[in-house]
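K.L.:
show me the folded form of this:
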Amino acid sequence: MSQNRLLAQVGLVLTTLAWGATFVLVKDSLEYAKPFTFIFFRFIIATLAILPFIFLKKQRNFFSRFNNAEITFGIACGFLLFIGYAFQNFGLEITIPSKSAFITSISVLIVPIILVFYKNEVPSLKLWISILIVIFGLYLLIDPASSVDQSNQKYGKDAFLPNVGDILTFGCAIFFAMHIIAQSDAVKNNINLIRFFIIQCLSVSFFSGICALIINEPPIPWENSQINILYWSLFINGMIATTFAIFVMIWAQKILSAGETAVIFSLEPIFAALFSIFMGVESFGLLQWFGGVLVVLAVIYYSKSSSG
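P.N.:
Numbering: from 1, shown residues only. You can find the predicted model right below:
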């Protein structure tokens, strides 16, 4: 195995680990920052984090070179990303981090379903098999009969039962799938990836900021002495799980196959569950672990077969 290949795999695993950790961090942060407000600051930080790369490259007139494709696709992809994160954050106010992560991960399977209507692509038998496995896995994951006693857990027993947050998170998976398709179309055009990334981030912040003002979300209580979790969460979500992750993905996907990348990304909900358990905010029963593993295996099965 070449050194670059190993570094690419390690980089993606670290990226996936960071993504897995964000579910607990965001859940806890929503006690201090409401969903739209949190999204606004996350993507403002992500935008600021990219600026040093531009100045280090000493690209003259960088901001005067935006073309129509970068602006149009950037705003469109940013809007889809904003809707996806809105569904996810509002869902996280109700459900638990691990369920949110497992449900979000099925966006990979939703992509080909959307393509049936968008590009008239015929779904494969392996897709339908994967979907059936996911349905059964999610049933075990959120079925009340498979839940262990969560009465002593941080989020309360109701969060571990099937709830509206699970439905909202499924909406997140749908819009993340739409974002994957839109971004795939976008990069086929003549665009600069950094400018495209900046437009997306600013669009997400703009839409979330407007919505926060419209529904009159309360301001963040910066004077609260317990707010350190929010600082860490915004730093990790904005700089590491967004900016750093995007650049690692772009670099690693030039070295690894789509199948290898998808398999590594499928570890995200597992990392989310392990992180929740390590933080002492969740515990899984045997059937819930089995359901979660089924979801991951279904995503891996479809990703490997579709890339091969």
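K.L.:
low-confidence stretches in the stretch 1-150 of the chain?
P.N.:
1, 57-64, 142-150 (pLDDT under 70).
K.L.:
would you map the helices across it?
P.N.:
Using DSSP state H, counting those that start in this stretch, the helices of the stretch 1-150 of the chain run over residues 3-29, 35-57, 68-92, 97-104, 107-118, 125-142.
K.L.:
pipe these into a markdown table and attach distance to G238 and mean neighbour count per row.
P.N.:
(Glycine included, C-beta is placed from N, CA and C.) What follows is the helices of the stretch 1-150 of the chain, written out as a markdown table (distance: least, CB to CB, whole Å; neighbours: other CB atoms under 10 Å):
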| stretch | distance to G238 | mean neighbour count |
| --- | --- | --- |
| helix 3-29 | 10 | 20 |
| helix 35-57 | 3 | 19 |
| helix 68-92 | 12 | 21 |
| helix 97-104 | 18 | 28 |
| helix 107-118 | 21 | 17 |
| helix 125-142 | 29 | 18 |
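K.L.:
can you tell which of those helices is closest to C211?
P.N.:
Nearest to C211 among the helices of the stretch 1-150 of the chain is helix 35-57 (4.6 Å), distances taken as CB to CB.
K.L.:
can I get that closest one as PDB, trimmed to CA atoms?
P.N.:
Extracted in PDB, the C-alpha atoms of helix 35-57 (Å, rounded to 0.1, in the frame of the first residue of the first chain):
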ATOM      1  CA  PRO A  35     -31.200  25.300  15.200                       C
ATOM      2  CA  PHE A  36     -31.100  28.200  12.700                       C
ATOM      3  CA  THR A  37     -28.800  30.200  14.900                       C
ATOM      4  CA  PHE A  38     -26.400  27.300  15.300                       C
ATOM      5  CA  ILE A  39     -26.400  26.700  11.500                       C
ATOM      6  CA  PHE A  40     -25.700  30.400  10.800                       C
ATOM      7  CA  PHE A  41     -22.600  30.500  13.100                       C
ATOM      8  CA  ARG A  42     -21.300  27.100  11.900                       C
ATOM      9  CA  PHE A  43     -21.100  28.100   8.300                       C
ATOM     10  CA  ILE A  44     -19.800  31.600   9.000                       C
ATOM     11  CA  ILE A  45     -16.900  29.900  10.900                       C
ATOM     12  CA  ALA A  46     -16.500  27.500   8.000                       C
ATOM     13  CA  THR A  47     -16.200  30.400   5.600                       C
ATOM     14  CA  LEU A  48     -13.700  32.300   7.700                       C
ATOM     15  CA  ALA A  49     -11.600  29.100   8.100                       C
ATOM     16  CA  ILE A  50     -11.100  28.900   4.300                       C
ATOM     17  CA  LEU A  51      -9.800  32.500   3.900                       C
ATOM     18  CA  PRO A  52      -6.200  31.800   5.000                       C
ATOM     19  CA  PHE A  53      -5.900  29.200   2.200                       C
ATOM     20  CA  ILE A  54      -6.700  31.900  -0.300                       C
ATOM     21  CA  PHE A  55      -4.200  34.400   1.100                       C
ATOM     22  CA  LEU A  56      -1.500  31.800   1.400                       C
ATOM     23  CA  LYS A  57      -1.900  31.000  -2.300                       C
END
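K.L.:
quick one: that helix to helix 3-29, angle?
P.N.:
Interaxial angle, helix 35-57 versus helix 3-29 (axes from the mean of the first three to the mean of the last three CA atoms, to 10 degrees): 150 degrees.
K.L.:
show residues contacting helix 35-57.
P.N.:
26, 29-30, 33, 62, 82, 85-86, 89-90, 93, 194, 197-198, 201-202, 204-205, 208-209, 211-212, 215, 217, 219-220, 233-235, 237-239, 242-244 (CB atoms under 8 Å, 6 or more residues apart in numbering).
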